[in-house]
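Trainee: need coordinates for the following:
(chains A and B)
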Amino acid sequence: MSIQTIAHPVSPTVPGVAPVIVVDGLTKAYGDRQVLDGLSFSVAPQEIFGILGPNGVGKTTAVETIQGLRSRDGGGVGVLGLDPARQRAKLRYLVGSQLQTTALPERLRVGEALKLFTRLAGDVVDWRQLRDEWDLARIERSAFGSLSGGERQRLFIALALVNRPQLVFLDELTQGLDPAARRDTWRLIQRIRDEGATVVIVSHYMDEVEHLCDRVGVLHEGRLTACDTPQNLIAAAGGSVRTRFSAGDLDLTSLERLPFVDEVSRPGGLVEVKGDASTPVLVAAELARNGVIPADFTVVRPSLEDVFVTLTSGAAS
Amino acid sequence: MTVLTTLPTLAFAEARLLTREWAAMVFAFVFPPLMMVVLAGVFGSERDPEFGGVSGTEYYVAAYLGVPLGALSLVGLPVMLASYRERGVLRRFEAFGVPTLAVVAAQAVVTAALVVLGAALVLAVAAPVYGIPTVQDPWGVAAGFAGGAVTMITLGVALGLAAPTARAAQALGLLVFMPMWLLGGGGPPRAVMTSAMQSVTDVMPLWHTTAGIREPWLGIGDGGAHLLPLAAWFAFGVVAVVVLVRRRDT
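Mentor: Next up, the predicted model:
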């Protein structure tokens, strides 16, 4: 097993608490194409863990293999202490799942879907309670085919919770949603965790992962090239913080001498100072000391997107 | 939840969904009685050697019991199944611990119930218009109906699993159903067909279904002779279903 990490090791450090998911050297190939090639990570209880990666990189294969919906070629997977390949029947009472590109029959009504799936799950929750909790009462009699994207996702989340799962997988849950619906969905995901479940989300939306996840694994060439908190990933692989402002004919040498400053340049008339996260404050203080108060003082911090581009463009390996 | 409790839950949900599929319902429940009324009316109540010594009316009333069976098995069921697979409904159920075979079984059970309903409807329409011919051999009719239903539903499941999309399933289903309906008992009697058409008819499972019901009903021919070809088609259907389910798994 070989894992490339750029900051902390893959294991979440919660002393004395067993991880909910342990993946160790997972491999999976489709014909000649090696999709997963030594994938390893673990997820702690009540974490929101994100798997990030470009389209077609194997994110869905990874989560479906971890759930036991696909067979694995090699490596070990433990989910809530069970092996999904051999103990899927037990696992399905503990795990909730929203799979990518799955649907319901067009003419199935929202209330009927809730009733059907709570019944199939053994009636451990009252479907009316789920309906009310997830704001589905208003559309209870609507057919699945007539629901908006946001309504569908709300229903899918409710259906993923009919067995009161300890672990929930959500694969590309917000794909195709408008920004308002996406933000609503984020709130719902946080609520699932607040109520005690562990959540694994698969996404290629950076803002979503950055906003929601406690830790993020970046999947590239069949394994995680990085796995850490979004903040740590950005600090380690996001590149410089850039501070831009106009400063007339100010002498730049005092800025160059500031600690943690990497580079000072004047592209297109604006001064740009590259440095670490503390640079903007130091630059602002230095400008103020020189009596320069620029109205266009702007700080551009690296985002998870920068990390993603760096890590998946091959630069990391 | 065990399979025993899953199946009725699924079947109930499937049945309710199917009643909302208006096109399929019209095709299965309106088209057969309508064609029966027209054809039985055209050929009248005179006994005719071309109908095996019975009247056209008797011939078509008995034969049309098998037509909703064909329509539901070869068009309704495959379209439903293929659309479930195409749209990821089967995967959703699978993720939920409901195997594809359970969903398939639920759809087959619902189709079987509708087949009985469709046959009853043909008789209900025939009764006041032409009367219902006396059943000569009730056990023979039951055997022909059951054998035909099991075989046609199995073939319909195979068709639904083989078709890549719901549209393909509809096209394939109609392509298979229409000739079977015309040559397999719903159209002209076998005696007026050319020998080439008769050879085609002789291999059609729907022909053996309608003949297997009609002959013991009217006391003509040997209804039992149709059970063997139906068994062969059933065996073919089972093999096809097993192969197609395995192909899906890999």
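Trainee: separation between B:Val176 and chain A?
Mentor: Look at B:Val176 and chain A: by CB to the nearest CB, to the nearest Å, they are 24 Å apart. C-beta here means a position set from N, CA and C on the backbone, and glycine is covered the same way.
Trainee: brain fart, B:Leu123
Mentor: 29 Å.
Trainee: which strand or helix spans that residue?
Mentor: helix B:100-129 (DSSP states H and E).
Trainee: next SSE downstream of that helix?
Mentor: Counting by DSSP H and E, what follows helix B:100-129 is helix B:138-162.
Trainee: can you pull the buried residues of that next one?
Mentor: In terms of neighbour count (16 or more other CB atoms under 10 Å in any protein chain shown), helix B:138-162 has its buried residues at B:140-141, B:143-145, B:147-162.
Trainee: for stretch B:45-53, same thing?
Mentor: Neighbour-count burial for stretch B:45-53 [16+ other CB under 10 Å]: B:Asp48, B:Phe51, B:Gly52.
Trainee: what is the end-to-end distance of it?
Mentor: 11 Å (CA to CA, to the nearest Å).
Trainee: give me the residues contacting it.
Mentor: Residues from elsewhere that reach stretch B:45-53 (CB atoms under 8 Å, 6 or more residues apart in numbering or on different chains): B:43, B:54-59, B:130, B:189, B:191-192, B:215, B:218, B:220-221.
Trainee: which stretches of the chain have low pLDDT?
Mentor: No chain in the question, so chain A it is. A:1-16, A:101, A:314-317 (pLDDT under 70).
Trainee: hm, I was asking about chain B
Mentor: Within chain B, the stretches with pLDDT under 70 are B:1-4, B:223, B:248-250.
Trainee: so who does residue 219 touch?
Mentor: In the absence of a named chain, chain A is used. Here A:Leu219 is in contact with A:Leu39, A:Ile51, A:Leu52, A:Gly53, A:Val57, A:Gly58, A:Lys59, A:Ala62, A:Thr225 (CB under 8 Å, 6+ apart).
Trainee: if you could check chain B rather than the one you did, that'd help
Mentor: B:Gln136, B:Asp137.
Trainee: any idea how far chain A is from it?
Mentor: For B:Gly219, the distance to chain A - CB to the nearest CB - is 44 Å.
Trainee: please apply the same query to B:Val109.
Mentor: For B:Val109 relative to chain A (CB to the nearest CB), the value is 16 Å.
Trainee: B:Thr57 too?
Mentor: Separation of B:Thr57 from chain A (CB to the nearest CB) stands at 38 Å.
Trainee: wait, that residue sits on B:Tyr64?
Mentor: No. Applying CB atoms under 8 Å, one finds B:Thr57 not in contact with B:Tyr64, separated by 10.9 Å.
Trainee: more crowded one of the two?
Mentor: Taking neighbours as other CB atoms under 10 Å in any protein chain shown, B:Thr57 and B:Tyr64 compare with B:Tyr64 leading, 30 against 23.
Trainee: could you find the closest non-adjacent residue to the more buried one?
Mentor: If the residues on either side of it in the chain are set aside, B:Tyr64 comes closest to B:Met36, at 3.8 Å by CB to CB, 6 or more residues apart in numbering or on different chains.
Trainee: name the residues of the helix or strand harbouring A:Ala158 that are buried.
Mentor: Assigned by DSSP H and E, A:Ala158 falls within helix A:149-160. For helix A:149-160, a neighbour-count test (16+ other CB under 10 Å) marks A:Gly150, A:Glu151, A:Arg152, A:Gln153, A:Arg154, A:Leu155, A:Phe156, A:Ile157, A:Ala158, A:Leu159, A:Ala160 as buried.
Trainee: so which of those also contact chain B?
Mentor: Contacts with chain B are made by none of the buried residues of helix A:149-160, judged by CB under 8 Å from any CB of the partner chain.
Trainee: check the contacts of stretch B:45-53 for burial and list the buried ones.
Mentor: Counted by 16+ other CB under 10 Å, the contacts of stretch B:45-53 give B:Phe43, B:Val54, B:Ser55, B:Gly56, B:Thr57, B:Glu58, B:Tyr59, B:Tyr130, B:Pro189, B:Glu215, B:Leu218, B:Ile220 as buried.
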